[in-house]
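> Sequence first, then the predicted structure:
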Amino acid sequence: MTDSQIDETHAPDRLSWIGAANDPQTDFPIQNLPFGVFRRKGGDTARIGVAIGDHILDLAGIADRLAAEVDDAAALLKAPSLGPLMGREPQLWRTLRKVLVRWLEAGSSAQGMVAPHLVAMGEAEMLLPARPGGFVDFFASIQHATNAGSLFRPTAPLLPNYKYVPIGYNGRASTIRVDGAAIRRPNGQRLPPGDSVPVFGPSLRLDYEMELGIVLGGASAVGEPVAIAEAWRHIFGFCLLNDWSARDIQAWEYQPLGPFLGKSFATTISPWIVTAEALKPFRAAAFARPEGDPAPLPHLADAADQRAGGVDIQVSAWLRTAAMRAAGAPAHRLGTASSAGLYWTPAQMVAHQTSNGCNLEAGDLYGTGTISGDGPDALGSLLEITRGGSAPIRLPDGTSRAFLEDGDELSMTARCARAGFASIGFGLCRGTILPAPAG
Ligand code: CA
């Protein structure tokens, strides 16, 4: 990527007339402006907004004013979902961002017009940004693939296709929830150790997976693959994603067709979609394949993608037990890793998924796969941290965990930082475990 793609909306010294947006710790400075869907507490209308400091700018409320500057803005921004906006092209997203920056920056003559349309985040409830028609979960961290593979298949942790194919599976879209939704422990089949007949009941090995969500925009036609060089035109933005996983159900069911009920009971995403535009300063080189690894096949190879097709987002996962919560103790960090270390880039995922003629629809969601890096503090699941449950971790409240217990709250956060640019964040992606339904 050339610096020409970074524009005035990324200028690090720009401040907003909304004071909280100028706090260096905020996830939502004026350089971020992520999109989400919210409703006022007690209200019943879903509305599109952008996060700015500790407020939401209600874009539905100013949609008619935006229409003077952005084609079709009124219809796109009065929708109860980001789907119609995601269905448009990057040029429109970019124009909208530029107008919003101009209106929200310190000294803007638009302050008086915009200010009545701010909603304090504490007065709003976040909703699903768009209903994904499709959800694909990839497996792009080679560290995670190796760690998890060695637990499920000690003799063959990394299968021979891994370095050629961005491995993924079609997940379940209907159980995607936003931050804060309770997660009920699933019932399912598992094979008790040493037994040859499975039992049905609550999962005993409930886990999280620390991932990023990639929200797709625009649409592509059936039968028309998206070339890797065009793939970013179809990436609207990124969010946090927790691919809740029942390891015992997964281990029993996954061969020969892959994950099914061990994953489909719930997926949690953060409600704010950080746009691909806002992430431009944090683009990074694709993962440097070590000597001896095969080069990507031609449809997955692109010089620009190798140069700047990665994204450096530092993602962290945190655990707070019910006892820690009751004692007012802070969450314990389980692991932190950067998406810059993923073996496959977002563009390679798009090019791969569409290479057989499968189309994309606006609002489709990808998970990157669990993001794990090198070292014990860079692991993205309890499966890896506790080595399949054999090495439980000690928590600050004196308890230990092999897998998640009822009452545990798992949360995820993420930040992007680069010298010379304003740091931006992703907000929260939380879920608390409820007991399994009575069998
Ligand atoms: Ca996953």
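On my side now, so go ahead. Residues are numbered from 1 along each chain as shown.

> in the host helix or strand of Leu96, what counts as buried?
Assigned by DSSP states H and E, Leu96 belongs to helix 90-104. Going by neighbour count (16 or more other C-beta atoms under 10 Å), the buried part of helix 90-104 is Pro90, Leu92, Trp93, Leu96, Arg97, Lys98, Val99, Leu100, Val101, Trp103, Leu104. For every residue, glycine as well, the C-beta is placed using N, CA and C.

> what's the neighbour count on the residue of the stretch 201-350 of the chain found nearest the ion?
Of all residues in the stretch 201-350 of the chain, the one sitting closest to the ion is Asp243 (3.6 Å; C-beta to the ion). When counting by other C-beta atoms under 10 Å, one arrives at 25 neighbours for Asp243.

> same thing with Ala331?
19.

> Ok, Ser372 next?
Neighbour number of Ser372 under other C-beta under 10 Å is 26.

> Surely it touches Leu383?
No - with contact defined as C-beta atoms under 8 Å, Ser372 does not count as touching Leu383 (10.1 Å).

> what touches both of these two?
Residues touching both Ser372 and Leu383 (C-beta atoms under 8 Å, 6 or more residues apart in numbering): Asn147.

> Any idea how far apart the tips of stretch 198-214 sit?
Using C-alpha to C-alpha, to the nearest Å, the gap from the first to the last residue of stretch 198-214 comes to 36 Å.

> Repeat that for stretch 176-184.
Start-to-end span of stretch 176-184 (C-alpha to C-alpha) is 13 Å.

> buried set for it?
Ile176, Arg177, Val178, Asp179, Gly180, Ala181, Ile183.

> Does the closest residue to Gly217 other than its chain neighbours belong to a helix, a strand or coil?
In space, Gly217 comes closest to Phe236 once its chain neighbours are excluded; the distance is 3.4 Å by C-beta to C-beta, 6 or more residues apart in numbering. For Phe236, the assignment made with DSSP: H, G, I helix; E, B strand; the rest coil gives strand.

> In this structure Met324 contacts Gly398, no?
No - with contact defined as C-beta under 8 Å, Met324 does not count as touching Gly398 (10.0 Å).

> Pick out whichever of the two has more residues nearby.
Higher neighbour count among Met324 and Gly398: Met324, with 20 against 7, using other C-beta under 10 Å.

> contacting residues for the more buried one?
Neighbours of Met324 in contact, by C-beta under 8 Å, 6+ apart: Pro330, Ala331, His332, Leu395, Pro396, Asp397.

> nearest residue to Ser423 other than its sequence neighbours?
Ala417 (4.4 Å).

> before we move on, what SS does Ala347 have?
helix.

> how close does the closest residue to it other than its chain neighbours get to Thr354?
Nearest residue to Ala347, sequence neighbours excluded (C-beta to C-beta, 6+ apart): Ala231, at 3.6 Å. For Ala231, the distance to Thr354 (C-beta to C-beta, to the nearest Å) stands at 9 Å.

> Could you list the low-pLDDT ranges of this structure?
1-4, 439 (pLDDT under 70).

> Tell me which stretches of it form helices.
When assigned using DSSP state H, the helices of the chain occupy the ranges 63-66, 73-77, 83-86, 90-104, 111-114, 142-152, 247-253, 303-308, 322-326, 346-354, 382-385.

> Remind me what the last one packs against, helices and strands.
For helix 382-385, the elements it packs on are helix 142-152, strand 332-338, judged by 3 or more C-beta pairs under 8 Å, 6 or more residues apart in numbering; DSSP states H and E.

> Pull the distance from that helix to the chain's centre.
20 Å (C-alpha atoms, centre = their mean, to the nearest Å).

> what pairs with Arg430 across the strands?
Ser411 (DSSP bridges).

> Touching, it and Leu240? I think so.
No - the pair Arg430 / Leu240 is not scored as a contact, 9.6 Å apart, by C-beta under 8 Å.

> which residues sit in contact with the nearest residue to Arg387 once chain neighbours are set aside?
Leaving aside its sequence neighbours, Arg387 sits nearest to Leu151 (C-beta to C-beta, 6+ apart; 6.9 Å). Contacts for Leu151 (C-beta under 8 Å, 6+ apart) come out as Leu383, Glu384, Arg387, Gly388.

> between the residues you listed, which is nearest Ile269?
Ile269 lies nearest to Leu383 out of those, by C-beta to C-beta, at 20.6 Å.

> Is it correct that the closest one is in contact with Asp207?
Yes - the pair formed by Leu383 and Asp207 meets the contact definition of C-beta under 8 Å, at 5.4 Å.
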